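Q: requesting a structural model of the entry that follows:
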Amino acid sequence: MRRGLAAVALVCLVALAGCSALPGSGTSDSSAPGIENGELNDSEALLDAHVEELTASGYAHELNVSQRVGPEGDRMEVERRQRTSVAPNATEYQSQLVNNGRTSSRFMIWGNETVEFRSIEAGGTRDFQRADPTPPAALAGSQLFESHLTAPFEVEEVDEREGPNRIHLRATGRPSDTSAFPRGATNISNYEVELVVDERGRILTFSAQADYQLNGEPADYRLDFNVTATSDPGVERPEWVDALES
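A: Below you'll find the model as predicted:
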């Protein structure tokens, strides 16, 4: 059980989510990188465009991941909530990650092109770390989507608007990359993935969910990613970073 929960936590840490879709006018010929003839046929092209476009403009996103393991009445639930802001060209970024479960912890992260600092609060203590900066692809959530996008996807709807049109896609099968699920997951069912991308390739919303068994116990998870800004969000350097560098 712990290995499965740890896998979700690792995704959150490595992948350190802005507008709601308006009512659409049905399908059209609109497309985006990697999407052609109503299908996603090149997930790498879509991910490359997503990272490049968001990184160039700056952005902010929110991520929520929840996992429950165990029978009804005796389930352990773990939830991760994360907010990330990234300046244009990823010259500076900050992120806050909160874990809630049997134990709770909070990660505060600030970084730039050369260094990353972390404040970690857990068990009544606070520790600090210095590390290499998180790559732009991980900041933009690429590693959250990569395995799921090996599933077949079809375009369901296109929202036409003054700005870039938005394209709604839904998975029509399971991913070929089994790392989309926790290690040891069996009897996978109710697998659903939906995402909204714009014509520039930016993944604006992404949701995935599944039921399965883990070590013989019933389990499920849900992941929700939403871009909340597609321009400079205004990253602020925390005071505790100045104290670490002094």
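Q: so after the lowest-mean-pLDDT helix or strand in the chain, what's the next helix or strand?
A: Lowest by mean pLDDT, DSSP states H and E among the helices and strands of the chain is helix 2-14, with a mean of 39. With elements assigned by DSSP states H and E, the helix or strand that comes after helix 2-14 is strand 35-36.
Q: so for that next one, mean pLDDT?
A: Mean pLDDT, strand 35-36: 94.
Q: one more: stretch 141-153?
A: On average, stretch 141-153 scores 96.
Q: ok, and what's touching that stretch?
A: Outside stretch 141-153, the residues that touch it by Cβ atoms under 8 Å, 6 or more residues apart in numbering are 11, 14-15, 17, 39-40, 43, 46-47, 50-51, 61, 63, 137, 169-180, 193, 195, 203, 206, 208, 223, 225. Bear in mind the C-beta positions are built from the backbone N, C-alpha and C, glycine included.
Q: now it, how far from the chain's geometric center?
A: Relative to its parent chain, stretch 141-153 has a centroid offset of 10 Å by Cα atoms, centre = their mean, to the nearest Å.
Q: where in this protein is pLDDT low?
A: Residues of the chain meeting the criterion pLDDT under 70: 1-30, 73, 246.
Q: which helix is the longest one in it?
A: helix 43-57 (DSSP state H).
Q: number of residues surrounding residue 48?
A: A count of neighbours around residue 48, defined by other Cβ atoms under 10 Å, yields 16.
Q: tell me the contacts of it?
A: Applying Cβ under 8 Å, 6+ apart, the residues near residue 48 are 33, 201.
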